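Okay, structure incoming, though there's no sequence with it:
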Ligand SMILES: [Fe+2]
């Protein structure tokens, strides 16, 4: 099962990871998703705009990612390589990595040690070496960016701040802003009894800054069973607006903002 993939200016990057979707098991009424590390893992790199070109597979040790934040090309001059293939450049990918599939499809509890955290992979296109760097040690997922930067080097990412699973709700009680350049983070928590889903970035058309815009989220008040649309300033994480809704909006997974 592949849930997500990334692009750069020149490449499509596919992580082929050993979460298995068994369609026949689903048809038979069983659990159709499971983790099988014995199947191995690999990263595929394909040239964009080159029909008929062959994907390059790079073997890696198994891990799991539901959602990526972004990816970008690294020019050869910025990617010092040693030996054969020197100067071929690299790709950097940021995503939410867990040690294995971090969702249960049969009602069993997911062990806390397999919660996803933000990682950066540097894929050396000369040597095929992949370096995996953990960027933060708090569980996060559903990462979003200013989508004008999709496939390009970007500085800011926004992910759900995990509060642990609450009766099947998305496990977020806030949003963390990651500064990928400095490593700094800031977290906005919506308050006791407030849980949220994915933050959608809405760019400010009057701004040229990457973080010029807002984060939109459905925030569910568990006690009142009501939802608000909460708008945060994407630069400061300050709450700037709150739309009270007459009834709860159930959580989905992903969303988009249309002006
Ligand atoms: Fe998803």
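Sure thing, it's come through. Note that the structure is predicted; figures quoted are calculated from it, not measured.

Burial check on the closest residue to residue 74 other than its chain neighbours, number of neighbours?
Nearest-residue entry for residue 74: residue 90, 4.1 Å, with adjacent residues in sequence omitted and distances by C-beta to C-beta, 6 or more residues apart in numbering. Yep, even glycine has a C-beta here, placed from its N, CA and C like the rest. Residue 90 is flanked by 23 other residues according to other C-beta atoms under 10 Å.

Also residue 132?
Residue 132, neighbours per other C-beta under 10 Å, totals 13.

how near is the residue nearest to residue 74 to residue 122?
To residue 122, residue 90 is 6 Å away according to C-beta to C-beta, to the nearest Å.

quick check: mean pLDDT across stretch 24-39?
What stretch 24-39 shows for mean pLDDT is 90.

ditto for stretch 91-110
On average, stretch 91-110 scores 87.

quick one: low-confidence ranges for the chain?
78-86, 163-170 (pLDDT under 70).

how about the strands of the stretch 51-200 of the chain, start to end?
Counting by DSSP state E, counting those that start in this stretch, the segments of the stretch 51-200 of the chain that form strands are 56-60, 64-74, 90-98, 117-124, 130-134, 156-162, 172-179, 185-189, 194-196, 200-203.

Each with direction, which strands does the fourth one pair with?
As defined by DSSP bridges, the strand partners of strand 117-124 come to strand 90-98 (antiparallel), strand 130-134 (antiparallel).

follow-up on the earlier one: as CSV, the strands of the stretch 51-200 of the chain with distance to residue 248 would be great.
Formatted as CSV, the strands of the stretch 51-200 of the chain follow (distance: least, C-beta to C-beta, whole Å):
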stretch, distance to residue 248
strand 56-60, 41
strand 64-74, 24
strand 90-98, 26
strand 117-124, 30
strand 130-134, 36
strand 156-162, 18
strand 172-179, 16
strand 185-189, 20
strand 194-196, 11
strand 200-203, 18
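
So which of these is nearest residue 1?
When the strands of the stretch 51-200 of the chain are compared by C-beta to C-beta, strand 64-74 sits nearest residue 1, at 9.8 Å.

Show me which positions of stretch 46-66 end up buried.
Residues of stretch 46-66 classed as buried by neighbour count (16 or more other C-beta atoms under 10 Å): 46, 58, 60, 62-66.

my bad, stretch 138-153
139-146, 149, 151, 153.

And the helices in the chain?
Remark: helices assigned in the chain by DSSP state H are 23-27.

ok so, going back, pretty sure the residue nearest to residue 74 is touching residue 124, no?
Yes: proximity of residue 90 to residue 124 meets the contact threshold set by C-beta atoms under 8 Å, at 5.1 Å.

show me what contacts residue 238?
188, 232 (C-beta atoms under 8 Å, 6 or more residues apart in numbering).

swap in the one 10 residues further on?
For residue 248, the set of contacting residues under the criterion of C-beta under 8 Å, 6+ apart consists of 220, 225-227.

What is the most widely separated pair among those?
225 and 227 (8.7 Å).
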